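K.L.:
fold the following.
(one chain, ligands or ions: 1)
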Amino acid sequence: MPGSEIDREQEYVATLYARLDAMREEAAERLAAAGDREAAGVWRAEVARLDAVEQGLCFGRLDLHDGRRVYVGRLGLFRGEGGEPLLVDWRVPVAQAFYTATANAPDGVRRRRRITTRGRTVVALDDELLNPDGAVDDGLVGEAALLAAVTAERTGRMRDIVSTLQSEQDRIVRHESGGVLVVQGGPGTGKTAVALHRVAYLLYTRPLLRTRGVLVVGPSRVFLDYIGQVLPGLGENSVVTTTIADLRPDVEVSRVDPPGTVEFKGAAVMAERLAAAVRSRVRVPDHPVDIEFEQQVLRLGPRECGRALRKARRTGLPHNQARLVFHREIVEVLARRLIAEMEAVVLTETGEAIDGGSPDGRLGEADLRALAAAGVVIDQDDGPRTLSDEIDRTGLRDSLLADTGVRAVLDMLWPPLTPERVVSDLLGERADGWSAADIPLLDEAAALLGAGQATFGHVVVDEAQELSEMDWRMLMRRCPSRSMTVVGDLAQTGSPAGTASWDRVLRPHVGDRWRLAGLTVNYRTPSEIMAATADLLAVHHPGTPPLRSVRSTGEPPWRIGTSRTGLIATVADLATVHTDGQLGIIAPNDLVEPLAAALSLAVPPDLTGEAVLLTPAQAKGLEFDSVLIADPAGILGAAAQGHNDLYVAMTRATRRLGIVHPGRPPAELAALRELGRPGWP
Ligand SMILES: Nc1ncnc2c1ncn2[C@@H]1O[C@H](COP(=O)(O)OP(=O)(O)OP(=O)(O)O)[C@@H](O)[C@H]1O
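P.N.:
This is a model prediction of the structure:
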């Protein structure tokens, strides 16, 4: 590329930054002058959006056959208000060709140019002429830039891929699915990256979503930290990210359930059990119940209770709200009973009451108390009146409802319930702490009882294969529109309550309103490492098509045997001599503590360290330059889905993979190259 061409692009890019600076200045001035909180919020968000696009503001240019030249970047810039476009946002339709045009399907594009900048300086240009003659279409777009991106050293924080998004990924980002879009793909195919870019795309193209909100659900807080910079880097700061457990921040998780219990609690049938448990707490007595009110005994019959119950149930309201309907109905019955009795009491012209039922024709003490409770004022009036004419009926009902004796009976028939009570009664457990598997049960109970939930216009679920049926119910309650992007890999399912079928978990909620999209190229793991997973896949996922890696490194993974007692020392030695990039050490749960002590590593893991120690569950979705797996047989044997955990562990490396096994290696790894002595080759 001639230097003058770079100079020309440098000049253009400088114009773009000048425009950006002008917009920033204006936004900062408006922020300073903002009169109220709302205006300040708007301008603060604008300043943040403009700051976020500083790195890699412009990354491409399309030369179209019709003579137009389109610069593509992180946001749209115009020459002054309403002026000609200087830079188009990557999300607008004309920019799509930047990601999808190929020599065989050029889509009006003559030349695609990738512009690499460092800071505000253009450092490289990379041109492709989309000329169908002799073109080899390997499905990759802008290979040089892509390879530079995927081989860059890892930092413990995910980066956006807006400048190198591939066409199969772009199609998913822009997919116009009204319902649930499931993105299934092997490790490293960019599922997480694509889901996050899709969020940025949807927020841009459907502005209403900004008010309705977008929720991104990830497998762990460590993972949320890992992806935390991607959306802000794309200029989106308004998205809520959470783990499944943190959907109920009021519940503290302090217990780990054994796998069998996790499976049991995760099954959809628990929803029916909870509903039945709540229903069973409402009782219609099979004999009359006597209620004392102001020293009178009011009798409530089973039929009246049954009628009130049916009326309350017919409202379709949740338990705690329907309870109020039931209580009102019963109080109405009691009030009518009291009034009927009062109708037997006739008032004389002087206001003297004659109790029809009393031998001396005068009110008894109990009658007077009932009258007082009913707020009856006896005054002069025309003609004979009954006591019931004088009653403040609303006051009577209120008095009944406020009466502790009446309330005790009402609560016995239809008690107020809390989610905690319902779940612990159902599980028969003492309430000595909750596990992660209890969270969707508590949430289900809360919904049955009538607690409201925050809802979102679109929900993204990452590592979605891990969600139990009960987790799905909890999520669906937060997404009434059922507009979702679900990404995962069924071959990586680690949870005993996780899924092996997308249809199975989605159909109950959306019928067939879900679409499957696939990703087929691995951008993270080199082909040498993917080849090393072949035996594991062949045994546990026969028929899973081999994943194509975008690159090879020439460094095959290796294994080394140790004694059981020498395991920790060998891992520690290998970690100490590792100097090339970030190292992830993945070990079964029971080895984490001794390894952390031997290597002085943080638990829970600190993603910014040179070496990071994790369990396979914590490693989900993450990646490191090198990965060292300690005790693969321990990972395989720790859970029924141990083979999937080992697969996850093996596919976290962008460059090197080493495995330390006490004794003989598991059969699935026997074919790996064996080292004679410890040391990174
Ligand atoms: N088009 C791309 N350009 C540059 N890098 C990419 C591209 N696609 C994916 N990557 C990189 O590949 C790595 C894997 O991506 P990501 O974590 O999204 O994959 P995944 O499918 O979610 O993986 P897993 O299921 O193993 O967690 C990331 O470092 C990501 O930045």
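
K.L.:
make sure residue 575 is actually in contact with residue 596.
P.N.:
No - here residue 575 lies out of contact with residue 596, judged by C-beta atoms under 8 Å, at a distance of 11.4 Å. The way it works is simple: take the backbone N, C-alpha and C, and place the C-beta from them, glycine included.

K.L.:
neighbour-wise, which of these two wins?
P.N.:
residue 575 (20 against 17; other C-beta atoms under 10 Å).

K.L.:
wait, what's in contact with that one?
P.N.:
Residues near residue 575 by C-beta atoms under 8 Å, 6 or more residues apart in numbering: 583, 585, 599, 611, 628.

K.L.:
what residues does this structure have near the ligand?
P.N.:
Contacts of the chain with the ligand, taken as C-beta under 6 Å from any ligand atom, map to 146, 149-150, 159, 161, 164-166, 169, 185, 187-193, 489, 523-524, 621, 623, 651.

K.L.:
taking these, please make a PyMOL selection of just the buried ones.
P.N.:
Filtering the residues of the chain next to the ligand down to the buried ones (16 or more other C-beta atoms under 10 Å) takes a single PyMOL command:
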select buried, resi 146+150+161+164+165+166+169+185+187+188+189+190+191+192+193+489+523+524+621+623+651
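
K.L.:
which strands or helices does the helix or strand hosting residue 222 pack on?
P.N.:
In the assignment (DSSP states H and E), residue 222 maps to helix 221-227. With contacts defined as 3 or more C-beta pairs under 8 Å, 6 or more residues apart in numbering; DSSP states H and E, helix 221-227 has these neighbours: strand 214-218, strand 240-243.

K.L.:
quick one: strands adjacent to the longest one?
P.N.:
The partner list of strand 214-218 in its sheet, established with DSSP bridges, is strand 240-243 (parallel), strand 458-461 (parallel).

K.L.:
need those in a markdown table with mean pLDDT, distance to residue 202 and mean neighbour count, can you?
P.N.:
A markdown table is the format used below for the strands paired with strand 214-218 (pLDDT from 0 to 100; distance: least, C-beta to C-beta, whole Å; neighbours: other C-beta atoms under 10 Å):
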| stretch | mean pLDDT | distance to residue 202 | mean neighbour count |
| --- | --- | --- | --- |
| strand 240-243 | 95 | 14 | 16 |
| strand 458-461 | 97 | 6 | 24 |
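
K.L.:
what pLDDT does the residue nearest in space to the middle of the chain get?
P.N.:
Geometric centre of the chain, nearest residue: residue 217, 2.0 Å, by C-alpha atoms, centre = their mean. If you check residue 217, the pLDDT there is 97.

K.L.:
where exactly do the helices run in the stretch 201-350 of the chain?
P.N.:
Using DSSP state H, counting those that start in this stretch, the helices of the stretch 201-350 of the chain run over 208-212, 221-227, 230-233, 259-266, 269-280, 302-314, 319-343.

K.L.:
quick check: the closest residue to residue 410 other than its chain neighbours vs residue 110, distance?
P.N.:
Nearest non-adjacent residue to residue 410, counting by C-beta to C-beta, 6 or more residues apart in numbering: residue 327, 4.9 Å away. Separation of residue 327 from residue 110 (C-beta to C-beta, to the nearest Å): 76 Å.

K.L.:
hey, which helix or strand in the protein has the poorest pLDDT?
P.N.:
Using mean pLDDT, DSSP states H and E, the weakest-scoring helix or strand in the chain turns out to be strand 353-355, at a mean of 57.

K.L.:
and for the residue nearest to residue 410, the neighbour number?
P.N.:
Applying other C-beta under 10 Å, we find 20 residues neighbouring residue 327.

K.L.:
mind pulling up the pLDDT for it?
P.N.:
93.

K.L.:
likewise residue 344?
P.N.:
64.

K.L.:
ok, now residue 372?
P.N.:
pLDDT at residue 372 comes out at 57.

K.L.:
my read is that the residue nearest to residue 410 contacts residue 416, right?
P.N.:
No - using C-beta under 8 Å, residue 327 makes no contact with residue 416, being 10.0 Å away.

K.L.:
re earlier: the closest residue to the residue nearest to the centre of the chain other than its chain neighbours pairs with what?
P.N.:
Among residues not flanking residue 217 along the chain, residue 461 sits closest, at 4.8 Å (C-beta to C-beta, 6+ apart). Judged by DSSP bridges, the bridge partners of residue 461 are residue 217, residue 486.

K.L.:
and residue 461, how far from the ligand?
P.N.:
12 Å (C-beta to the nearest ligand atom, to the nearest Å).

K.L.:
same check on residue 112?
P.N.:
Computed as C-beta to the nearest ligand atom, the residue 112 to the ligand distance reads 15 Å.

K.L.:
and what about that residue, helix, strand or coil?
P.N.:
Look at residue 112: counting by DSSP: H, G, I helix; E, B strand; the rest coil, its state is strand.
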